[in-house]
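Undergrad: Give the three-dimensional model of this entry:
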Amino acid sequence: MKTPSFSPVLRFRAIWSASAAALVAALAFGLPHRAAAAPANPPQQSQIKIEVDLVTIPISVVDKGNRPIVDLPRDAFEIYDNGKLQTIRLFEQETHQPIDIALMIDSSMSTALDFPAQRDACLRFIHAVVRHGDGFAFFT
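TA: As a prediction, the model looks like this:
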């Protein structure tokens, strides 16, 4: 029989509710308060194991001046998984896979003088990086 799993939020709410109830009882009846203990055997989390033939690892390499280095060959990279050197089967200088980007900007009044520069930098970034098919979100 599969043990149901509960989210950490629900588990926290259950423990918080039990603690709050114990505190109310202690205050109401003058009993010493004891913290509610976590369950002795927490529910088991189910695991999913999947075998894959290819894992995409997008990277960017920059020099000390934070300028992109774009002409590195395959043998300039090593990939390790659990300490074991892995074979790089596919190496592309630029990926054509879609990416998801979230851009977060501080729009508090303490940065009001920087708003025009922030706007210009955001527009340059979007035009330079975001491609058709990419996911994009903007947060202030």
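Undergrad: alpha carbons only for contacts and neighbour counts from here, please
TA: OK.
Undergrad: Strands of this protein, start to end?
TA: Secondary structure of the chain by DSSP state E: the strands cover 79-81, 84-86, 100-104, 135-139.
Undergrad: Using CSV, please lay out the ones you listed together with distance to Leu54, mean pLDDT and mean neighbour count.
TA: Listed next are these as CSV, based on distance: least, Cα to Cα, whole Å; pLDDT from 0 to 100; neighbours: other Cα atoms under 10 Å:
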stretch, distance to Leu54, mean pLDDT, mean neighbour count
strand 79-81, 13, 92, 9
strand 84-86, 11, 94, 10
strand 100-104, 20, 89, 11
strand 135-139, 22, 90, 11
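Undergrad: With respect to Arg67, which of those strands lies nearest?
TA: strand 100-104 (20.1 Å; Cα to Cα).
Undergrad: Next, the angle from that closest one to strand 135-139.
TA: On the basis of axes from the mean of the first three to the mean of the last three Cα atoms, to 10 degrees, strand 100-104 is oriented at 10 degrees to strand 135-139.
Undergrad: Let me see the residues that make contact with strand 100-104.
TA: Contact with strand 100-104 is made by 130, 134-140, as judged by Cα atoms under 8 Å, 6 or more residues apart in numbering.
Undergrad: of all those residues, which comes closest to Leu123?
TA: For the contacts of strand 100-104, the nearest to Leu123 is Val130 (10.2 Å; Cα to Cα).
Undergrad: Might you report the residue contacts of the closest one?
TA: Contacts of Val130 (Cα under 8 Å, 6+ apart): 101, 136.
Undergrad: measure it to Asp100 for me?
TA: 9 Å (Cα to Cα, to the nearest Å).
Undergrad: Likewise for Gln47?
TA: Gln47 is 26 Å from Asp100, by Cα to Cα.
Undergrad: same question, Asp53
TA: 23 Å.
Undergrad: same question, Val52
TA: Val52 is 22 Å from Asp100, by Cα to Cα.
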